[in-house]
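Q: Fold the stuff below for me.
(2 chains)
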Amino acid sequence: MWSSATGADTVGGVPARFVAAPASTEEAAAVLTAAARENLAVVVRGGGTKLDWGVPPRRLDLIVDTGRLTGVVEHAAGDLIMVARAGTPLAALDLGGQQLALDTSLPGATIGGTVAAGTSGPRRMLYGTARDLLIGITVVLPDGRVTHAGGKVVKNVAGYDLGKLYTGAYGTLGLITECAFRLHPRPPAAAIVQRAAPAAEIGALLAAVRAEQVVPSAVEIDAVAEGPVTLAVLVEGTAAGVRDRATRLEKVLGGQTTEKVPGWWGRYPWGRVGMKLTVPLSRVPDLLGLGAAVRGSAGTGVLYADVPVAGAPAVVERLRATAVRAGGHAVVLTAPPEVREAVDMWGPVPGLALMRRVKDRFDPDHRFAPGRFVGGI
Amino acid sequence: MTMLDALAARLGAELGADRIVNDRQQLRTYECDGLAHYKVIPGLVVLPLDADECARTVRACVEAGVPFVARGSGTGLSGGALPHAEGVLIVTSKMRTIVEVAPGDERAVVEPGVINLHVTKAATPHGYYYAPDPSSQQICSIGGNVAENSGGAHCLKYGFTTNHVTGAQVVTPDGELVELGGRAPDTPGYDLLGAFVGSEGTLGIATRVTVRLTRLPESVRTLLAAFADTDQAGAATSAIIAAGVVPAAVEMMDALAIEAAEAAVACGYPAGAGAVLIVELDGPAAEVDTQFDQVTALCEANGAFELRAAADPAERALFWKGRKSAFAAVGRISPDYIVQDGVIPRTALPEMLHRIGEVARAAGVRVANVFHAGDGNLHPLVLFDDAVPGEAERAEEVSGAIIDLCIAHGGSITGEHGVGTDKARFMPRMFTDDDLAAMHLLRCAFDPAGLANPGKIFPTPRLCGEVPRRHKAGEPAAAELF
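A: Next up is the predicted model:
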């Protein structure tokens, strides 16, 4: 069922005792049924790219690794849908003229990990995030029961949309073994229009892009802690359409079209302390010039910050206060232990009492990723 | 004094007598929603003016142990707002303030009774609109849309209500007001908002909703294509999708649906068409023009015998008039009809239509087909005459058989109308016991007493029970197992 862990099998510095690598949903169910019987604390591991995120588990016995739970189960091109096993790396998907429009910043990230952590990238602006693209899901509950929600069709309102509940739940409600997604055609052409500008001008430039009816796939900014900000807008579509839209953006921004994707595009900016900041669109400029390099989707109000380790708690507080005042949130995604102990990783979370009740129902023994999520869930 | 009388007296005193309806004749006006063959006269109706009154009403229900059902405009087609005879119907129609339109944030904040189309009307002067557009958008409410996760003709490209709601203030089934999501994206913690949208009033009542506004497209072009039969129209749809075009909408109607629409609204569709497609493209003009030529050519190549491009908004509206009035229009050619709502993988469309034809012929029942061809969401209209003995039963059988066919094709029992009262019995055919048990876990987290819209979605009532006692951390060793 499982084997002994090695020294590398840790989560946020906490060593596991055992590792299991089921090759099917049925095997996973058998593992989790046994783990429930033995009262083992479980953390699910995909590509292992985000194990340093969140809070380390309060206790850890068993890592369930999805490394053998891979492959595309079905790609129905005519229906624009795909079903894949959770351990499939996003980068390994080969969907021909179609795409699963989920960006990942982390090479090696799997489908299951991307859904469980709810990560997104620049193109979320046009295509939405995992929650929007996921149309069906198979989850083994902590007690070992295999459950499905949603289905294989894009339009479906039968039953609760549990896929959304599992998305971004950090593996605290069960083990995702299979996901169904809606797909998009791969656009034949794309262009990025770039402009560097002082931070003070970014708000007006963003508003100008919004006013144009060019339907960007992404509007990203890259801002060093002090100094000019780079704004980059991606348009995708037909060759003729992209040319026309890029030309209009060049005028509006006073910028230039580039064939090459900038090196920073879609990459997290942080070294050791990384934050995710979310604000309403009009408040994106508030996050600039607060002592941290900031990068991300200015087109949706989802940015990432690189917080210097020295003095991190003060910068975290400043960013959080600004985001919360604007109506958003600020989460420390990753930090070394000394910083982690000095800050509140998740910040204020509305609806926490209801979330605890959800956790209590799905995982009454609190064995799944205990303590890693909001409010110690 | 009955429990409901006591509740009426309490709420009348707390909120004001004008919020309460307990006259039998007046109560009768709330006996059904848009699915009129299910009727239950509610025990009591309360019309709160704001979130606080709504929460107080729910708390009073909880204290009395009385079930409650939320209702918006009452246009739902699955009986989701069917009242409870011994319960309270909470009607949100007096909560219809558009609290804020914030184009700079691409958001609007509205009360649940606000009419869907009014959001778009408020946003349009700023260059924005609210994308989900159910056919009933002139009368249906945002609160109802949230409860049902309403779709519409344009969800092929733009998604459903759930993709356009970023926050909601909700009265939970224990009467607490909580904020789910917000104006900014990605609120930390569980996506309870995502689970709430489409929960059909079983997880609480939305009292304020923050919606995403979408920038108006620069160009909208609409094509009406007439084909000899639905096979050709289906092949054209497949070709459009295969070409990598994502139209804003692809709608299909078959000959019987066209006949009904003509009789009702004289939409002037091409004579002799066995099927029509309405294909709409929107976006930047340069993109739309290129793709419009592509779509036109694909329709022609797949046998379209007449193609009309809407020359102006008036002609576009006329194309849509036939489609959007189709449900009601069927009343012109049949005294009674059932509106079905099922989903199949889009590529199964031609085969599915033949199977529906076979089932209908075998039962001696006529079926008109209207559907969102782009995403495989069918709306077969099963025609019957209630005055003829046995016809209603045969129509019910055909309607149920269509849903079974949807399930057999790997589809869904509902694409946008919801499960409600009508389809609860089909849920076990689409989901296993364990699947339903997982949904029930969520239900119990929100509503352990089972008072919020009981009897909807799930086929059999289940009790929640206590949360099992937790084990102590770090108990037994598992060393013996490996």
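
Q: residue ranges with poor pLDDT in the stretch 251-400 of chain B?
A: Within the stretch 251-400 of chain B, no stretch has pLDDT under 70.

Q: Strands along that one, start to end?
A: B:275-283, B:306-309, B:336-339, B:342-343, B:366-372, B:377-384 (DSSP state E, counting those that start in this stretch).

Q: Please dump these into JSON lines; it should also carry mean neighbour count and distance to chain A for every row.
A: For glycine as for every other residue, the C-beta is placed from the backbone atoms N, C-alpha and C. JSON lines is the format used below for these (neighbours: other C-beta atoms under 10 Å in any protein chain shown; distance: least, C-beta to the nearest C-beta, whole Å):
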{"stretch": "strand B:275-283", "mean neighbour count": "26", "distance to chain A": "5"}
{"stretch": "strand B:306-309", "mean neighbour count": "16", "distance to chain A": "18"}
{"stretch": "strand B:336-339", "mean neighbour count": "20", "distance to chain A": "15"}
{"stretch": "strand B:342-343", "mean neighbour count": "30", "distance to chain A": "5"}
{"stretch": "strand B:366-372", "mean neighbour count": "25", "distance to chain A": "7"}
{"stretch": "strand B:377-384", "mean neighbour count": "26", "distance to chain A": "5"}
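
Q: Out of the ones you listed, which is closest to residue B:320?
A: Ranking these by proximity to residue B:320 (C-beta to C-beta) places strand B:275-283 first, at 7.0 Å.

Q: for the strands of the stretch 251-400 of chain B, which one sits closest to residue A:170?
A: The nearest among these, by C-beta to C-beta, is strand B:342-343 at 31.0 Å.

Q: helices and strands around the closest one, which ones?
A: strand B:377-384, helix B:391-408 (3 or more C-beta pairs under 8 Å, 6 or more residues apart in numbering or on different chains; DSSP states H and E).

Q: Tabulate the ones you listed in CSV, adding columns for distance to residue A:87.
A: Formatted as CSV, the helices and strands packed on strand B:342-343 follow (distance: least, C-beta to C-beta, whole Å):
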stretch, distance to residue A:87
strand B:377-384, 32
helix B:391-408, 29
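
Q: Name the residue of chain A that lies nearest to chain B.
A: Nearest to chain B, among the residues of chain A, is residue A:164, at 2.7 Å (C-beta to the nearest C-beta).

Q: which element is that residue on?
A: helix A:162-166 (DSSP states H and E).

Q: Please work out which residues outside that helix touch it.
A: A:115-116, A:131, A:134-137, A:139, A:147, A:149-150, A:173-174, A:176, A:358, B:162, B:190-195, B:438-439, B:442 (C-beta atoms under 8 Å, 6 or more residues apart in numbering or on different chains).

Q: can we see that at 6 Å?
A: Contacting residues not belonging to helix A:162-166 are listed as A:131, A:134, A:137, A:139, A:149, A:150, A:173, B:190, B:191, B:194, B:195 [C-beta atoms under 6 Å, 6 or more residues apart in numbering or on different chains].

Q: since we're on residue B:323, how many residues are nearby?
A: Counted with other C-beta atoms under 10 Å in any protein chain shown, the neighbours of residue B:323 add up to 26.

Q: who are the neighbours in contact with the residue nearest to it when sequence neighbours are not counted?
A: For residue B:323, ignoring the flanking residues on the chain, the nearest one in space by C-beta to C-beta, 6 or more residues apart in numbering or on different chains is residue B:251 at 5.2 Å. Contact partners of residue B:251, counting by C-beta under 6 Å, 6+ apart, are B:153, B:278, B:323.

Q: show me what contacts residue A:357?
A: Counted by C-beta under 6 Å, 6+ apart, residue A:357 has contacts residue B:445.

Q: Quick check: which of the helices and strands packed on strand B:342-343 is nearest to residue B:345?
A: That would be helix B:391-408 among these, by C-beta to C-beta, at 9.9 Å.

Q: Need the pLDDT of the residue of chain B found nearest chain A.
A: Residue of chain B nearest chain A, by C-beta to the nearest C-beta: residue B:194 (2.7 Å). With respect to pLDDT, residue B:194 has a value of 98.

Q: same question, residue A:23
A: Reported pLDDT for residue A:23: 98.

Q: how near is the closest residue to it other than its chain neighbours to residue A:36?
A: Closest residue to residue A:23 apart from its sequence neighbours, by C-beta to C-beta, 6+ apart: residue A:68 at 4.2 Å. Look at residue A:68 and residue A:36: by C-beta to C-beta, to the nearest Å, they are 21 Å apart.

Q: neighbour count winner among the two?
A: More crowded of residue A:68 and residue A:36, by other C-beta under 10 Å: residue A:36, with 19 against 15.

Q: And for residue B:388, the neighbour number?
A: For residue B:388, the count of nearby residues is 11 (other C-beta under 10 Å).

Q: near chain B, which residues of the stretch 51-200 of chain A?
A: A:59, A:78-79, A:131-132, A:145, A:147-148, A:151-161, A:164-165, A:168-169, A:185 (C-beta under 6 Å from any C-beta of the partner chain).

Q: Pull out the buried members of the residues you listed.
A: Buried residues within those, defined by neighbour count using 16 or more other C-beta atoms under 10 Å in any protein chain shown: A:79, A:131-132, A:145, A:147-148, A:151-161, A:164-165, A:168-169, A:185.

Q: among the residues you listed, which are in helices?
A: A:131, A:132, A:164, A:165 (DSSP state H).

Q: Make JSON lines out of the residues you listed and add distance to residue B:361.
A: Below are those laid out as JSON lines (distance: C-beta to C-beta, whole Å):
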{"residue": "A:131", "distance to residue B:361": "43"}
{"residue": "A:132", "distance to residue B:361": "41"}
{"residue": "A:164", "distance to residue B:361": "41"}
{"residue": "A:165", "distance to residue B:361": "43"}
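
Q: Now the two most distant members of these.
A: A:132 and A:165 (14.3 Å).

Q: could you pull out the helices for the stretch 51-200 of chain B?
A: Using DSSP state H, counting those that start in this stretch, the helices of the stretch 51-200 of chain B run over B:51-64, B:116-123, B:142-148, B:155-158, B:192-196.

Q: residues of the last one that come out buried?
A: The one in question is helix B:192-196. For helix B:192-196, burial by neighbour count (16+ other C-beta under 10 Å) applies to B:192, B:193, B:194, B:195, B:196.

Q: Where does residue A:57 sit: helix, strand or coil?
A: Here residue A:57 is coil, with the state taken from DSSP: H, G, I helix; E, B strand; the rest coil.

Q: nearest spatial neighbour of the residue of chain B closest to chain A, skipping sequence neighbours?
A: residue A:164 (2.7 Å).

Q: pLDDT score assigned to the one you found?
A: On the pLDDT scale, residue A:164 is placed at 98.

Q: again, but for residue B:2
A: At residue B:2, pLDDT is 88.

Q: Count the neighbours of it for me.
A: For residue B:2, the neighbour count with other C-beta under 10 Å is 9.

Q: do the same with residue B:262
A: Residue B:262 has 17 nearby residues by other C-beta under 10 Å.

Q: next one: residue B:463
A: So residue B:463, with other C-beta under 10 Å, has 9 neighbours.

Q: quick check, it in a strand?
A: No. Using three-state DSSP, the assignment for residue B:463 is coil, not a strand.

Q: Just say helix, strand or coil for residue A:64.
A: strand.

Q: thinking it is in contact with residue A:46, fair?
A: No. Between residue A:64 and residue A:46 there is no contact under C-beta atoms under 6 Å: 9.9 Å.

Q: Excluding residues flanking it in the chain, which one is nearest residue B:26?
A: Nearest residue to residue B:26, sequence neighbours excluded (C-beta to C-beta, 6+ apart): residue B:45, at 7.6 Å.

Q: Before I go, just wanted to say thanks for your time.
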